[in-house]
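Enquirer: The following block contains a protein sequence and its predicted model.
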Amino acid sequence: MTAPVPIAAHRARPAWLLPAAWIAVTALLLLAPSIGLVNLPWMRQIILVALLSLIVSGLNLSFGFAGELSFASAAMYAAGAYATGYIAMNVVNDLALAILVSSVFGLLLGLISGIPGLRLGGWMLATSSFFLVLLVPDVVDIFRDALGGHQGMTGIPRAQLFGSELGDTGLYLAVIVVTSIWFVLYRNLVISRSGNALAVLRQSPILASSLGISVYGLKLKAYALAGLPAAIAGAFFAYLDGFIAPENFGMNFTIAILAAAILGGKRSVYGVFLGAAIMQLGPMRTSLFGDFAFIAYGALLIIVGVLLPGGIAGGIAELRTRIRRSRSKRATSRRSGTVGEKPVFAPLPGKRLSVSGVGKRFGGVSALTDVTFEARPGQVVALIGPNGSGKTTLLNVISGFYRADSGEVRLGDETISGRSPHRVADAGVMRTFQTPVVPEMTVRDAVATARYRSDRVSMVETMLRLPRYWAVVRRDREAVDAVLAACGLTDVASLPATSLPLGTRRVLELARALVVDPSLVLLDEVASGLDEEEVQALADVVRAVRDAGGTVLLVEHNFSLVRDLADHVVVLSQGRLVAEGDSESISRHPEVLHHYLGEPVDDAAVAAGDAIVDDIDEEDRFVQGGVDDGR
């Protein structure tokens, strides 16, 4: 049966509309000088807006999309400008060569500054990049003979391209063409599976790692790439006036870049131009503004940050989203929030999970002590125990977020203990979290993010939309459509993931884990907060995974769900394995009841074990907001 089309899809803009509009605007700007729409002063202002837009797009890539604040844009801008000035005066004066060399300088500077800053984590990238800007005058002074020192580099010739002088109009046209091309490549990157991976990383690095995404590697790529447009802008700036000086790249300009990003919208592709235009044509043209730059920029950032946290473009997008959300909710209400037909999956490559003598300590506290058990393909193994028993700690050890102090974890014939989380995911381990889905993603995109690592395509192939990119996108869609159909989510595939009911979002998380045919699925409190109907729908999916040959390890406080699903139950208390067996024997096990109740139990309590455990289930239920230490 054909799935109904979401209401929002009926009014989606045609695919050709945006490219056509972009070509029309670019053509108009290119023709503007010849038809008298702009004179020389306005050509200069348009160039400066374009250059600032290039720089801000780089900041948005590292800050808005990758979630890493950096102040290095001005330093990368300076690197491109000084490299161009030196080449034009001492080697060969050619704009194409200058752009190429400047691009290399920008990428290298991004790598050199990003590697230590991202390794150290926290605010270290912002701090190190801040000092990078402060070092620009000192570096220029050290190489004063080549770069002009504090007096500035003078005598930079007019730009030439393949031996022909461009002149003012020629430089203007070159800036428009290069800026237009860059923003096509930039949009291709952020509106892609790579952009979705960055969105997941920004929302939750823990979730990104569990999906096989290298947090450090992806952030470094984004940060290094952010230096490219800034350095290209620097190459054009060197030719604009034939003079550059350290004060062109100081803290005032750095704050102006940040202000333009926040004003336009740090996650908006085209809001960049709005923020750059407002800054360039407004405060940056006013000489009086320079005397109060820090105060004015600070006030602007505070006002916009409070009133429009997504920038002007973000505010407009939010208004449109609210309208669409109301339509989506009406559409969702007419769809099932749970799985309808019984789900069926293609055979899964389940592997045996072997946990052998695993121990983990946090300081003087022993969270796990000599824990040993197995989970086999075609089984659901439940891991239960009171709060603080070490269940989540054990899950974190298996998935690589913690390193075991003793023992090992094996998946099939591989030892996976000691690996980083994304390497564990590469081995076939997928895990669900009670983590909010990324707000701007559809259900289909949210599920597809799990395939980013398993079916790779480079950022260059993505930006250029090469054939390999389209082949991977086709395989993504086929795999995602299959798992959505199996999970009963086809009807809501095009809706915003955040518009779904809680129970359907939990099924979505499970679909995301299953789209890569995992060898082991770790389910962490998947039934928390769900009603009876939603729990039953989720249980149907888990059974289908088991029946398809999947290996499932379930951490759950809902003991009725455990009894319904589990083929084998492992009980932890105070970090130790106290019992294991089938669910019925576990529900009446005296030691299990003792550890749950915290006091001796009599024979009558043992005989009524089912009721006791159900009562304990209600007392122990809690909502877990991500990875905790399980202590």
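Expert: Perfect, thanks for sending it.
Enquirer: In the stretch 351-500 of the chain, where is pLDDT below threshold?
Expert: Along the stretch 351-500 of the chain, segments meeting pLDDT under 70 span 434-436.
Enquirer: Same question for the chain.
Expert: 1-13, 283-298, 300-301, 304-341, 434-436, 593-631.
Enquirer: let's see it at 50
Expert: Across the chain, the ranges flagged by pLDDT under 50 are 1-11, 288, 331-339, 597, 599, 604-631.
Enquirer: ok, Asp138 - how many residues close by?
Expert: For Asp138, the neighbour count with other CB atoms under 10 Å is 10. For the C-beta atoms, the positions are set from N, CA and C on the backbone; glycine is no exception.
Enquirer: before we move on, what about Asn196?
Expert: Neighbours around Asn196, by other CB under 10 Å: 20.
Enquirer: contact partners of the helix or strand hosting it?
Expert: Asn196 belongs to helix 193-203 when assigned by DSSP states H and E. Outside helix 193-203, the residues that touch it by CB atoms under 8 Å, 6 or more residues apart in numbering are 65-67, 189-190, 207-208, 211, 213, 215, 218-219, 222, 435-436, 438, 440-441, 445, 448-449, 451-452, 457, 459, 462, 472-473, 476.
Enquirer: could you flag which of these are buried?
Expert: Buried members of these, counted by 16 or more other CB atoms under 10 Å: 65-67, 189-190, 207-208, 211, 213, 215, 218-219, 222, 435, 438, 440-441, 445, 448-449, 451-452, 457, 459, 462, 472-473, 476.
Enquirer: Please state the offset of the helix or strand containing Val136 from the chain centre?
Expert: Using DSSP H and E, Val136 sits within helix 124-142. Counting by CA atoms, centre = their mean, to the nearest Å, helix 124-142 is centred 28 Å from the centre of its parent chain.
Enquirer: Equivalent analysis for stretch 256-276, please.
Expert: 20 Å.
Enquirer: domains of this structure?
Expert: The chain breaks down by automatic domain parsing into domains covering 19-249, 353-620.
Enquirer: Generate TSV for these, with distance to Gly271 as supplementary columns.
Expert: Listed next are the domains of the chain as TSV, based on distance: least, CB to CB, whole Å:
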stretch	distance to Gly271
domain 19-249	9
domain 353-620	14
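Enquirer: Looking at those, which is nearest to Val272?
Expert: With respect to Val272, and counting by CB to CB, the nearest of the domains of the chain is domain 19-249 at 4.8 Å.
Enquirer: Endpoint to endpoint, the closest one covers what distance?
Expert: For domain 19-249, the first-to-last residue distance is 34 Å (CA to CA, to the nearest Å).
Enquirer: Repeat that for stretch 510-523.
Expert: Using CA to CA, the two ends of stretch 510-523 sit 8 Å apart.
Enquirer: now stretch 550-564
Expert: Using CA to CA, the two ends of stretch 550-564 sit 17 Å apart.
Enquirer: Could you list the buried residues of that stretch?
Expert: Buried residues in stretch 550-564, defined by neighbour count with 16+ other CB under 10 Å: 550-563.
Enquirer: Sort out for me which of those are in strands.
Expert: With DSSP state E as the criterion, strands contain 551-555 from among these.
Enquirer: Surely Trp182 touches Ser57?
Expert: Yes. Contact criterion CB atoms under 8 Å: Trp182 and Ser57 qualify, at 7.2 Å.
Enquirer: How about Met43, nearest residue that isn't a chain neighbour?
Expert: Tyr172 (4.5 Å; CB to CB, 6 or more residues apart in numbering).
Enquirer: tell me the secondary structure for that neighbour?
Expert: Of the three states, Tyr172 takes helix under DSSP: H, G, I helix; E, B strand; the rest coil.
Enquirer: So what touches stretch 81-100?
Expert: Under CB under 8 Å, 6+ apart, the answer for stretch 81-100 is 101-102, 105, 140, 146-147, 153, 155-157, 159-163, 166, 174, 178, 231-232, 234-235, 237-239, 244, 248-249.
Enquirer: Please export the C-alpha coordinates of it as CSV.
Expert: What follows is stretch 81-100, C-alpha atoms only, in CSV (Å, rounded to 0.1, in the frame of the first residue of the first chain):
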residue,chain,number,x,y,z
ALA,A,81,46.2,37.9,2.2
TYR,A,82,49.9,37.8,3.1
ALA,A,83,50.6,34.7,1.0
THR,A,84,49.0,36.4,-2.0
GLY,A,85,50.8,39.6,-1.4
TYR,A,86,54.2,37.9,-1.2
ILE,A,87,53.6,35.7,-4.3
ALA,A,88,52.3,38.6,-6.4
MET,A,89,55.3,40.7,-5.5
ASN,A,90,58.1,38.1,-5.5
VAL,A,91,57.0,35.0,-7.5
VAL,A,92,54.3,35.4,-10.1
ASN,A,93,51.3,37.7,-10.2
ASP,A,94,48.3,35.4,-11.0
LEU,A,95,45.0,35.3,-9.2
ALA,A,96,44.4,31.6,-9.8
LEU,A,97,47.8,30.6,-8.3
ALA,A,98,47.2,33.0,-5.4
ILE,A,99,43.8,31.4,-4.6
LEU,A,100,45.4,28.0,-4.8
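Enquirer: Determine the number of other residues adjacent to Pro347.
Expert: So Pro347, with other CB under 10 Å, has 10 neighbours.
Enquirer: That one against Val545, yeah?
Expert: No. Judged on CB under 8 Å, Pro347 makes no contact with Val545 at a distance of 11.0 Å.
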